[in-house]
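1. whatever this is, show me its structure:
(3 chains)
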Amino acid sequence: MDIFVAIWRLVYTCIYLPTDQILKWVGDLFDLSMDILFNLPAYTIEFLIVNTKPLLQVLILPGLAFILVFAIIAVWFERKFLARAMLRVGPYYCGKRSGVLQVFADFLKLFMKEIIVQEDIDFLFFAAMPVLVSTLPALALILIPFDQNWVLWNVGDLSMPMFFAIAGIAPLLPIFAGWASNNKYTFIGAFRVAYMYISAEIPLVICGASVAIMAGSFDLTKIVEAQRNMWFCIPQFIGFIIFFLGVIIEAERTPFDIPVAEVELVFGWRTEYSGILFGFTMMAEYVMFQAWALLFITMYLGGFNGPNFLGNPMYSHIFWLVTKFAILVVLIVLLRCVFPRLRIDQMLRLGWRYLTPLAVLNLVLVLAMKLLGVF
Amino acid sequence: MTEPVIEPDIMRISWGPQHPMSGQTRIIIDVDGEKVHRIIADLGFTHRGIEKILEKRTFLQGIIPMERMVMADTPNIGLGYVMAVEEVLGIEVPERANWIRSLLCEMARINSHLYAFGLQAESTGYFPAVFLWTTIDRAVILDLFEELTGARWSLNFFMPGGVHNNLPEGFEDKVVKGAQYLRKRFEDYWEAMVENAVFEMRCNDVAVLKPEDAIRLGATGPVLRGSGVAMDVRKDEPYAAYADIDFEVVTESACDVMARTKVRYREIVQSLNMMEQIACEMPKGPIRKKVPLFARSKAGEALSRVETARGELGVHMFTDGGMNPYRVKINSPTLRNMYVFERLAELDELLVADVPVVINSIDPWYLDSDR
Amino acid sequence: MVSETPEEAFVESIKATYPDAIISAEVLRPKRVSVVVKRDHFLEIAKSLKDEFGFTHPVSGGALDYPRENRMRMIYYLMNPESRFMLTYGVDLSRDDLKLSSMTSVWEAISFHEREAHEMFGISFEGHPNMVPLLLPPDWKGGHPLRKDFKGEGVEE
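-> Have a look, this model is predicted:
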């Protein structure tokens, strides 16, 4: 009789209980999925309503749409502007005699091209670098405030150091790309990137520190608010000039596009890229430029400050920031038409001998103004 | 060509035929970091054997292969050959033909120097604004060539005894108008390019070539005159109509890349003045002396020297009494200047970024050095 | 008395300095002087041309082939920066013995022209620092193109 009881207990604990439990779980899962399935629209709408502002920020401003639209317009504008300076016409046929669709046509062509890769390169680095180089500055871009309440990544007091930290990784990526391409030209281009950025970063960070001292905080929103009466370009004139040069250097635009000197090194660190990877390297220049130019406007040109003539202050703030940015783009494209390229040792001399001491002088002046209570 | 062995710690870059800016040549640059350790010029990519071809052509037929040496100033090159043929055959050229020859030579000099000017700007990284401006301005001269001769680049207008055709009606006025237009454009170039701050940074004190070195190494043309040595074949032994035209030999004393650029600039301005002067003072008269189509010469030799845009071209022609020359030795200006370029890396400290700037200040045309 | 031109002065003085080494020295026309010397005295006369007579500006160098007379002539073109006339300085070599001492010890810039004469004619220059072909392609099979009896053998069929 005991044996049958023992066998029954064994079967109950080892077979019945687990299966019962499993079946209960399956039943709960089924209930849950039916619940989700029937309530999915309501969940989605609730998600969108709760997260609407961050979504708009990520997708439109200052996120994906803003960056892509700017890159497209900037490429078209630069090609037309340079062409007119050279007594040419520029893109003409695509897009009804104005060439606006030329950018899309070129992008589509690059997308369809074959990516030619050497045998003995480090493919992971090689293929990853263009993608990273064009997306990492976008990560820094999202720190810029477009309005008091419209910052995608609001880290508060850490926003300026965070920007410098992220944008400081940016020089490493062309160095990896140049090394990974296994080519003498790219190698030299990678070295030139290293020289250039080392000499340019230090004055920029010192200028950033002086702006923060004058504003009293590292938070970019508070820096913009501190410029409500007077933009910082007027008391910190030296820093303004240094940072302006720094924007051009960091964006690798002529007259400082030394790593991409087409005349000596076929295309610098971008030589071996073809197809869509090449498209990424081209876009990288514009995204980097966008990030640094917006920071420059935030720090020295009053950010989003400006008279409110559209009804909503937020709309006019966004309008003013975008307008200042457009004027800066025109100015920097004009500089490209006019000047040849500097040599690397001349650029290093500029960075170390002139920009760094001037940046320290700027810092001292700001400290003096702050201690004397002028600002 | 077998290249010398690479030394340790030196990287060898091939500024080679597959390059956006190298032209039809390969320059081997041995670098130590960014400093240039040695330059080796690997010529011969466009060697066509023109000297051998000329031995198989009659005197009149030989003008066409000879002109293909430099395409930018073909009148000067053609004139060198034609003058040698005339000396061998003992022909004297009428005066008006000489004046027409000088006119075309000066226009070709402007054409070639404008091209060199644009290349120089592009080599410093000046995104090709100036190069495109010079291309548009050269169209003025090329249109004048086309109206006169029917061809834009390789004119084939000179022949032993004179020139092919007379100038058409109103050609002199067009020449004067073209010269005035170019002179106005040239003030823009001076401000936009030569006085550009960054251009001065790239070109001042780069690749200094002292006068003793320039003479010892056999430099010629604007390279020699940019170092202060006033040697110009048009003044030393005047040919064509240069004895009657007013001009000076342009020299600069700074001896660097900027000096050579300025020499070319001032030579263009001077050639514009010469163009106007020739067009206004051209004498009337016959333009050609009859020469039989298949002329025979006596045995002898003749050496003619001509100042092309790049330097002095010599054509030494040996004849043995047949219808073809026995041997034509061409002394090419670019070959001499390429030797100077190779030695510049030892004479002065150069960086890799300077190499395109320096080589475009020497203004080589590789079809000329390779023949 | 008609004053002497620099060309005639030079011809007389070089004939006086080396009376037996010079085969011919004559003024061909204004600004052209031709000097042909014997092979043994070639180098020392070249040195004196540079040091004493002032021909410091080398222009070019080339060769000529006379197969019927079984000789070749190597010519150097030189210029004096002061008197500005062109001197063609030549030496005759027999076709069986095409050796000459290199002029790069006197005028450095003749290097390219001697390389070209070597590959085009087959003349070997002793003492040249870098005797590699200048213009011919690296896969040239042989034969000297500018000789009169060249049949196109260097080109691959």
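2. in contact with residue 275, which residues?
-> Picking chain A for this. Listed by C-beta atoms under 8 Å, 6 or more residues apart in numbering or on different chains, the contact set of A:Gly275 reads A:110-111, A:113-116. (Glycine included, C-beta is placed from N, CA and C.)
3. the intended chain is chain B.
-> Applying C-beta under 8 Å, 6+ apart, the residues near B:Met275 are B:103, B:106-107, B:110, B:175-176, B:178-179.
4. which SS class is the nearest residue to it once chain neighbours are set aside?
-> Closest residue to B:Met275 apart from its sequence neighbours, by C-beta to C-beta, 6 or more residues apart in numbering or on different chains: B:Ala179 at 4.7 Å. Counting by DSSP: H, G, I helix; E, B strand; the rest coil, the backbone at B:Ala179 sits in helix.
5. for the helix or strand C:Tyr77 falls within, the averaged confidence score.
-> Assigning secondary structure by DSSP states H and E places C:Tyr77 in strand C:71-79. On average, the pLDDT along strand C:71-79 is 89.
6. which is the next helix or strand following it?
-> Next along the chain after strand C:71-79, taking DSSP H and E as the criterion, comes strand C:86-94.
7. what comes into contact with that next one?
-> B:303, B:305, B:314, B:316, C:10, C:23, C:31-39, C:42, C:46, C:49, C:55, C:59, C:70-80, C:99-100, C:123.
8. could you redo the last one with a cut-off of 6 Å?
-> C:32-37, C:39, C:42, C:71-79 (C-beta atoms under 6 Å, 6 or more residues apart in numbering or on different chains).
9. check stretch A:322-329 too.
-> A:293, A:297, A:301.
10. and those as TSV, adding distance to chain C, pLDDT and neighbour count?
-> Supplementary listing: the contacts of stretch A:322-329 in TSV, determined by distance: C-beta to the nearest C-beta, whole Å; pLDDT from 0 to 100; neighbours: other C-beta atoms under 10 Å in any protein chain shown:
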residue	distance to chain C	pLDDT	neighbour count
A:Ala293	51	91	25
A:Ile297	58	90	25
A:Leu301	59	87	21
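11. ok, and the closest non-adjacent residue to B:Met317?
-> In space, B:Met317 is closest to B:Ala84, 4.3 Å off (C-beta to C-beta, 6+ apart).
12. what helix or strand is the one you found on?
-> Applying DSSP H and E, one finds B:Ala84 within helix B:74-89.
13. buried residues, stretch C:37-57. List them.
-> C:37, C:39, C:42-43, C:45-46, C:48-50, C:53, C:55-57 (16 or more other C-beta atoms under 10 Å in any protein chain shown).
14. quick one on the thing from earlier: elements contacting the helix holding B:Ala84?
-> Here helix B:74-89 touches helix B:63-67, helix B:95-123, strand B:158-159, strand B:299-307, strand B:312-320, going by 3 or more C-beta pairs under 6 Å, 6 or more residues apart in numbering or on different chains; DSSP states H and E.
15. the residue nearest to C:Glu153 when sequence neighbours are not counted: how many residues sit nearby?
-> Among residues not flanking C:Glu153 along the chain, C:Gly143 sits closest, at 4.1 Å (C-beta to C-beta, 6+ apart). Residues within reach of C:Gly143, counting by other C-beta atoms under 10 Å in any protein chain shown, total 15.
16. isn't C:Gly143 up against C:Lys151?
-> No - here C:Gly143 lies out of contact with C:Lys151, judged by C-beta atoms under 6 Å, at a distance of 7.7 Å.
17. any idea what the spatially most central residue of chain C is bridged to?
-> Chain C has C:Ile75 as the residue nearest its centroid, 2.6 Å off, counting by C-alpha atoms, centre = their mean. Listed by DSSP bridges, the beta-bridge partners for C:Ile75 are C:Gly62, C:Gly90.
18. one step back: can you say which of the contacts of strand C:86-94 are buried?
-> Using 16+ other C-beta under 10 Å, the buried members of those are C:32-37, C:39, C:42, C:72-79.
19. now do the residue in chain B that chain A sits nearest to: how many residues are near it, please.
-> Chain B approaches chain A most closely through B:Gly125 (2.7 Å), counting by C-beta to the nearest C-beta. B:Gly125 has 26 neighbours, counted by other C-beta under 10 Å.
20. look up how far A:Met347 lies from the closest residue to it other than its chain neighbours.
-> Distance criterion C-beta to C-beta, 6+ apart; nearest residue to B:Gly125, sequence neighbours excluded, is A:Arg341 at 2.7 Å. Using C-beta to C-beta, to the nearest Å, A:Arg341 is found at 9 Å from A:Met347.
21. for the two, indicate the residue with more neighbours.
-> Set side by side, A:Arg341 and A:Met347 show more neighbours around A:Arg341, with 26 against 20, by other C-beta under 10 Å.
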